[in-house]
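A.B. asks: whatever this is, show me its structure:
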Amino acid sequence: MTSTNHTAQRRALLIVPYKNRDFDGLALVGYILERFYGLEVVYTNGYGIERKLLEHKPDAVVFDHLVWDFKVRQAMLARSLGMKVILLPTEGLHVDLEEGLRIAGKVSASTHLIDCHFTWGDSVRDAIVAAHLSPADRVHTVGCPRFDYYSDAFRSLMPDRETFLHGLGIKNAAAPVVLWCTSSSYAARDQQKMVRRQVTRGGVPEAECQAMLRDGQTQLRLHSQLIIELANRHPDFNFVVKVHPAEWIDPYVELTKQRSNVFLAYNAPIRGFLAHSDVLLQRGCTTATEAWMLGKPVLELSIGSYERPVRHDLVAGSHVVRSTDEVDRALQGYLDGSSIADDLQGARADFLEKFCFKIDGQAAFRCAELIARTVSPPAHPDSDHALMRRLATKAHADAVHADDIRLPNRIKDAVGIPRERSLRIWRQLLDSEGRGNFGLFVAEVDITPAMVSSAYTDLAPVPCLNTAGSLSSLERAPN
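C.D. replies: The predicted structure is shown next:
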């Protein structure tokens, strides 16, 4: 496992869908790529990828999925220029295996574009291979890089409780902290627009999409009522609402106005919240598994009627509650010192092994090794690297010229209007959903050099990132 400095330096473009959820894990992968393999790493959000491919000329572009039609077009462009396409899912727990295959590109018929496909666990990998969507030697079980932070090797990066909670406005850090993680991603969004996007751009069956949206609105309504009722019953408890990264915070801001012991969290990674919560409330959410990794009590909120079930093996690791009174009794039991039942502990271990492989602090190392191998000789010789650079340079020059001579751009340049602003006012009005998140933050913010520098500074003291010996400790050779 040596550095690739002996050959022309390679570059990887890592797409970060949601900074708060995904940047931690991808920054860890990027840090290892730079530190141990000599790659140059560029981070970006999911916007303007075609332009960024031509500007940065990466040897590999790392996507989160190839469900959406525009992502497939981006992958096709990358492949046409000789760039490698790598798929590293940021969402790895699925309602069923069919959903996992969709993430892998089944519906968009795009799996042939993928040079290196990562999965969190063997169940999805085996399904992809069994469905003949990709050759077995291209699909690799690696775990999830952002889960590395829950391993012993990275626990030192967890913030201390008092400082973290005071940052949320919680004055009494010694009081119980009850965390609610929402998973109704589109409940506060324009429902018709969400259906159009999912159906026309992602190939999702309309009935499935409508059911998902209805379930989301049910969750939002009933679980919000639950939190307010619990906050009324327990004014000495701190209730923290951690909003899903794709979800607008608007309805949850209203909750904080109803009770002074309800606090809103949205613009930070989940791991700090889980580390300092005493009990987690959720429904069918990936955060349940993350709480399991920290040994936290987790309540599965089966309050209300839903059209889409939560998978049984995910529910099996949590304490199921079906009413406000049941939630209250379970909360007080755990806060009084009740232990997590043995059958729940066993179900957690089985699920994590099946769907997350290992929580061993090595997932990012496994990813980095395979990315470096994919962009290095013999898989990607210097001649292919040089040809890719020439093709991308020419394509970039052609694109700039075509953009410069477009009449709308010439008009904008003449009157001083930014080119990214559309002149089609009517189209802006039709496409607009209004101003989400009250203008407090942008969920899909682009990644700046300052963000990368800060992340790398935090990672630098971690012992396993200071010695190449950790690279030789991988317990599993790539598939």
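A.B. asks: for residue 180, what is the enclosing helix or strand?
C.D. replies: Using DSSP states H and E, residue 180 falls within strand 177-181.
A.B. asks: what sits up against that strand?
C.D. replies: 165, 170, 223, 227, 230, 237-242, 244, 270, 273-274, 276-282, 285, 287, 331 (Cβ atoms under 8 Å, 6 or more residues apart in numbering). All C-beta spots, glycine's among them, are computed from the backbone N, C-alpha and C.
A.B. asks: need the helices for the stretch 301-450 of the chain, in chain order.
C.D. replies: 312-315, 324-335, 342-356, 363-374, 382-405, 407-415, 425-431, 449-459 (DSSP state H, counting those that start in this stretch).
A.B. asks: so what does the fourth one touch, helix or strand wise?
C.D. replies: To tie it back to what came earlier, the one meant is helix 363-374. Packing partners of helix 363-374 (3 or more Cβ pairs under 8 Å, 6 or more residues apart in numbering; DSSP states H and E): helix 19-37, strand 60-63, strand 84-87, strand 116-119.
A.B. asks: before we move on, what about the last one?
C.D. replies: Taking 3+ Cβ pairs under 8 Å, 6+ apart as contact, the helices and strands that helix 449-459 lies on are helix 19-37.
A.B. asks: wait, isn't residue 366 in contact with residue 140?
C.D. replies: Yes. Under the criterion of Cβ atoms under 8 Å, residue 366 makes contact with residue 140 at 7.5 Å.
A.B. asks: so where's the stretch 301-450 of the chain uncertain?
C.D. replies: The model of the stretch 301-450 of the chain has pLDDT under 70 over residues 422-435.
A.B. asks: quick check: nearest residue in space to residue 247, chain neighbours excluded?
C.D. replies: Sequence neighbours aside, residue 185 is the residue nearest to residue 247 in space, at 5.1 Å (criterion: Cβ to Cβ, 6 or more residues apart in numbering).
A.B. asks: list the contacts for that neighbour?
C.D. replies: Contacts of residue 185 (Cβ under 8 Å, 6+ apart): 216, 244, 246, 247.
A.B. asks: tell me if it really is in a strand.
C.D. replies: No. Counting by DSSP: H, G, I helix; E, B strand; the rest coil, residue 185 is not found in a strand; it is coil.
A.B. asks: which residue packs closest to residue 233, ignoring adjacent ones?
C.D. replies: residue 328 (6.4 Å).
A.B. asks: which positions within stretch 437-454 qualify as buried?
C.D. replies: 437, 443, 447, 451, 452 (16 or more other Cβ atoms under 10 Å).
A.B. asks: ok, the first one - contacts?
C.D. replies: To tie it back to what came earlier, the one meant is residue 437. 248, 249, 250, 266, 443.
A.B. asks: swap in the fourth one?
C.D. replies: For residue 451, the residues meeting the contact criterion (Cβ under 8 Å, 6+ apart) are 19, 23, 43.
A.B. asks: hmm, try it at 6 Å
C.D. replies: Contacts for residue 451 (Cβ atoms under 6 Å, 6 or more residues apart in numbering) come out as none.
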